[in-house]
Structures are given as C-alpha cells and as structure tokens.
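Novice: I'll drop the sequence and a predicted model, then ask my questions.
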Amino acid sequence: MSQHVKFRATRWITTAAMTVGLGVAVPMAVAPTASAAATAGCSGTLIDQINHYDYSVSSHPHVATTYLYWDGTYNCARSVKAGSYYGVSSRMNLDLWSKAGGHDNDNGNFSYEAGPVKVNGRNTCINFELDMWKPNGGANFLQDHVPPSGYFHCG
C-alpha cells in the first residue's frame, strides 16, 4: 500500500470517528444531565426523587421529576420537566409544606422547572404537591400530592 493511500485511509477513519463522536456529543451538550438539572438551586443531600406521569394519556408518559433535598435545616424541592414537556412553556405549581406550618410555593409558566422551594424541616416532616397544565392554557392534567396523605421525610 502506498504512503498516499495509507494517509488517505487514516484521514478517512479519523474524520469518520470525529463525525460519529460529534453526533453523540452534540445531543448531550444540548440537554443538561439529570444530575446537573437536579442540583441547581438546592443545597444539601438528595433524599428523594419522585417521577410524575400523565395518566390522562393511555401511554402514561413521564412528564416531570421532583427532587427533594435536606441540608440539616431546610428541605428544598425542584420539579424538572421531562419528555415532550421539557423546554415547552406551560403552567406549573410546586408547593412544599412542613408539618410545623412552613410553606413555600412557585407558580407560573415555566419551560424547564418549577422551584426551588424551601421550608425549615428541622424536627418536622414535609409533603409537596406538583400541578401541571397542558401547554397553551390547556387543562390541569397533573395534581400529584406526595405522599397522598400525611407527611414524610421527617428531619
């Protein structure tokens, strides 16, 4: 094999490898990783991660994940949209309560997430509710109170 043919073959393989590599890297650079999306805005240790599904649709698509954190004093929650809702503006409402009477809320039109919301969780328990609406002012399709009754994650 001539030196010229070897050079062209090497260049072609390198170009193909770089093209495949870019094809993989570009989508990963566009959407944040789950851990990066989860930690922004809340400090402390991740204590729970709750997935939310749209049961008004027969395929029950995953529409959001709520991340709960504890830093030794405060509980913090963030709800990050998932699937076809990620990046699409629609109304979300995230409430976080402590059994001792603390409450925080984030309500509005969001493309990616609601929160963070924080309550003092020291010597008490918490619960939260995520509500979501269809884009363009559509119906409320998700009202997920966690746990369904009472409180959990007592600090």
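Specialist: Sure, I can see it.
Novice: okay but Asp54 is in contact with Asp144, surely?
Specialist: No - using Cβ atoms under 8 Å, Asp54 is not in contact with Asp144; the gap is 10.4 Å. Quick note: C-beta positions are derived from backbone N, CA and C, even for glycine.
Novice: Against Asp104, how distant is the most centrally placed residue in the chain?
Specialist: Geometric centre of the chain, nearest residue: Val80, 2.7 Å, by Cα atoms, centre = their mean. Counting by Cβ to Cβ, to the nearest Å, the gap from Val80 to Asp104 is 17 Å.
Novice: Give the other helices and strands that the helix or strand containing Phe128 contacts.
Specialist: Element membership of Phe128, judged by DSSP states H and E, is strand 126-133. When contacts are defined as 3 or more Cβ pairs under 8 Å, 6 or more residues apart in numbering; DSSP states H and E, strand 126-133 sits against strand 62-70, strand 74-81, strand 90-98, strand 113-120, strand 140-146.
Novice: List the neighbouring strands of the last one plus their orientation.
Specialist: In the sheet, strand 140-146 lines up against strand 126-133 (antiparallel) (DSSP bridges).
Novice: cool, the third one as well?
Specialist: The strands that strand 90-98 pairs with in its sheet are strand 103-110 (antiparallel), strand 126-133 (antiparallel) (by DSSP bridges).
Novice: Highest mean neighbour count out of these?
Specialist: Most buried of the strands paired with strand 90-98 by mean neighbour count (mean count of other Cβ atoms under 10 Å) is strand 126-133; its value is a mean of 21.
Novice: what does that one rub up against?
Specialist: The contact list for strand 126-133 (Cβ atoms under 8 Å, 6 or more residues apart in numbering) reads 52, 63-64, 66, 68, 75, 77, 79, 85, 90-99, 114, 117, 119, 139-147, 150-153, 155.
Novice: what's the domain layout of the protein?
Specialist: In terms of domains, the chain is parsed into 1-30, 34-146 (source: automatic domain parsing).
Novice: any chance of these in JSON lines, plus mean pLDDT?
Specialist: Formatted as JSON lines, the domains of the chain follow (pLDDT from 0 to 100):
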{"stretch": "domain 1-30", "mean pLDDT": "42"}
{"stretch": "domain 34-146", "mean pLDDT": "93"}
